[in-house]
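*Asks:* the amino acid sequence is not available; the structure is as follows:
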């Protein structure tokens, strides 16, 4: 498992619980240069990524929802990556469902094999009578 600081783990855990996987908003205690350092470290390690969206909304530190704007003015969001999810041991619902289906199929296959190995009862025949 990837070593994370407490702050990095909090940020990634919060993003994993959001339906859009957005890293923002960052914790209120993390502002300015500290926020930049943590985000840069997560970006460098591939645990989060920048995602441009077709929105002219401006980055605003008070709103804390858009990371920055690119040179064309598009808003840049931060999203957790699969590597980020793995780093915190988060298993997405789809993966859990796939595991359950695979386990069910495996159990079903084992049961079918077991049932085919069971002895089938021999048909009863009427006792022969001596003539």
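*Replies:* Done, it's in. Just so it is clear, the structure is predicted and the values come from calculations on it, not from any experiment.
*Asks:* how is the chain partitioned into domains?
*Replies:* The chain resolves into domains spanning 6-87, 91-118 when parsed by automatic domain parsing.
*Asks:* and these, which one is worst for confidence?
*Replies:* Among the domains of the chain, domain 91-118 has the lowest mean pLDDT, at a mean of 59.
*Asks:* redo the domains of the chain as CSV? Include mean neighbour count.
*Replies:* (Each C-beta comes from the backbone N, C-alpha and C, glycine too.) Shown next, in CSV, are these (neighbours: other Cβ atoms under 10 Å):
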stretch, mean neighbour count
domain 6-87, 15
domain 91-118, 10
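*Asks:* quick one, strands of the chain?
*Replies:* Listed in chain order, the strands found in the chain under DSSP state E are 48-53, 68-69, 75-80.
*Asks:* isn't residue 25 right up against residue 65?
*Replies:* Yes - between residue 25 and residue 65 there is a contact at 6.2 Å, judged by Cβ atoms under 8 Å.
*Asks:* helices of the protein, start to end?
*Replies:* Ranges of helices in the chain, per DSSP state H, are 6-17, 32-44, 82-87, 93-117.
*Asks:* what's the third one in contact with?
*Replies:* Residues from elsewhere that reach helix 82-87, judged by Cβ atoms under 8 Å, 6 or more residues apart in numbering: 1-2, 4, 12, 15-16, 42, 45-48, 91-92.
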